[in-house]
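>>> below is the structure, and that's it, no one-letter string:
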């Protein structure tokens, strides 16, 4: 099917923009949430649509669902890119509205089952009902369709979307979603703020970014988990920045094992995330020996 047939009409684009969506090509849209500047994605086929990361709880998920319905009335499938609450706490609201299933990587689903409840405090300021676990649509809802070692293709009707995992990075269960030349990368990429390293695997994360760079002729628009859409030049910059930061961390750990935090001022991510990066490099590098 050619681009003329798949491009949304100007009337639909106008209605979608009024609902908060930005059209990024390949029948794909992105909406930014105010609370965590998190991106929700929407990919529309002829027969069904895919929603990527529904928000941090019912206060975000309700207007997100309404925004989705401003674009399409097709049946919906939900994606969780990883197991952090700002990306999956909206599952319950969407489930109540009727969805065909929730996809995630196996390890993300396991993490949500194990530690989803303990993440509620993350959203205490933006989603107090979700944080307290009281009120409508505040249940922790687990993904029920799992990506494991191999990519999964989902046919939305004349538009095939691929779900795939390139290795551990921001978490151990990061899921990427590609629709032609558009890629939704979850929190493997953040624009406008440092990456979040709290439970990351930095050395493997660097390799994941390297894999994206290696297929640089495929994706022209990349949607990070937070911030504005980017291109592969941005990915290259993040790759080289992370590689140099890991070298700095490794050197500091080897030279000052008792107080490697002295390296924090020379790292490029600010004091909080630089500390997390140092701790994660120290904790995970032995696993790679």
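Okay, I see it. This is a predicted model, so every value here is computed, not measured. Residues are numbered from 1 along each chain as shown.

>>> what's the burial count for residue 128?
Look at residue 128: counted by other CB atoms under 10 Å, it has 13 neighbours. C-beta: built from backbone N, CA, C; applies to glycine.

>>> what do you get for residue 199?
If you count neighbours by other CB under 10 Å, residue 199 ends up with 16.

>>> touching, it and residue 169? I think so.
No - counting by CB atoms under 8 Å, residue 199 does not reach residue 169; the two are 10.7 Å apart.

>>> near the residue nearest to residue 262 when sequence neighbours are not counted, how many other residues are there?
With CB to CB, 6 or more residues apart in numbering as the criterion, residue 262 has its nearest non-adjacent residue at 6.0 Å, and that residue is residue 256. Other residues near residue 256 come to 12 when the count uses other CB under 10 Å.

>>> same question for residue 54.
Counted by other CB under 10 Å, the residues lying close to residue 54 total 32.

>>> give me the secondary structure label for it.
Each residue gets one of three states, and residue 54 gets coil by DSSP: H, G, I helix; E, B strand; the rest coil.

>>> the stretch 151-289 of the chain: helices as residue ranges?
Remark: helices assigned in the stretch 151-289 of the chain by DSSP state H, counting those that start in this stretch are 202-214, 232-255, 270-284.

>>> for residue 221, find the nearest of these.
Minimum separation from residue 221 across the helices of the stretch 151-289 of the chain (CB to CB) falls at helix 232-255, 9.7 Å.

>>> and the closest one, what's buried?
By neighbour count on 16 or more other CB atoms under 10 Å, the buried set for helix 232-255 is 232, 234-235, 238-239, 241-243, 245-246, 248-250, 252-253.

>>> need the contact list for the residue nearest the centre of the chain.
Note on the chain: the residue nearest the mean C-alpha position is residue 186, at 1.9 Å, using CA atoms, centre = their mean. Counting by CB atoms under 8 Å, 6 or more residues apart in numbering, residue 186 touches 53, 81, 82, 87, 170, 174, 175, 176, 224, 225.

>>> where does the stretch 1-150 of the chain have low pLDDT?
Scanning the stretch 1-150 of the chain with the threshold set as pLDDT under 70 gives 1-5.

>>> quick one: the helices in it, in order.
Using DSSP H, counting those that start in this stretch, the helices of the stretch 1-150 of the chain run over residues 3-6, 10-18, 58-71, 85-88, 91-97, 106-115, 128-132.

>>> need the ones you listed in JSON lines with distance to residue 206, can you?
Listed next are the helices of the stretch 1-150 of the chain as JSON lines, based on distance: least, CB to CB, whole Å:
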{"stretch": "helix 3-6", "distance to residue 206": "35"}
{"stretch": "helix 10-18", "distance to residue 206": "36"}
{"stretch": "helix 58-71", "distance to residue 206": "31"}
{"stretch": "helix 85-88", "distance to residue 206": "22"}
{"stretch": "helix 91-97", "distance to residue 206": "30"}
{"stretch": "helix 106-115", "distance to residue 206": "19"}
{"stretch": "helix 128-132", "distance to residue 206": "33"}
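
>>> please identify the most buried of the ones you listed.
Ranked by mean neighbour count, the helices of the stretch 1-150 of the chain are led by helix 85-88 with a mean of 27 (mean count of other CB atoms under 10 Å).

>>> mind listing residues that contact that one?
For helix 85-88, using CB under 8 Å, 6+ apart, the contacting residues are 35-36, 38, 53-56, 80-81, 104, 112, 116, 119-120, 122-123, 130, 141, 143, 186-187, 225.

>>> at 7 Å what do you get?
When contacts are defined by CB atoms under 7 Å, 6 or more residues apart in numbering, helix 85-88 is touched by residues 36, 38, 53, 56, 80, 81, 112, 119, 120, 122, 123.
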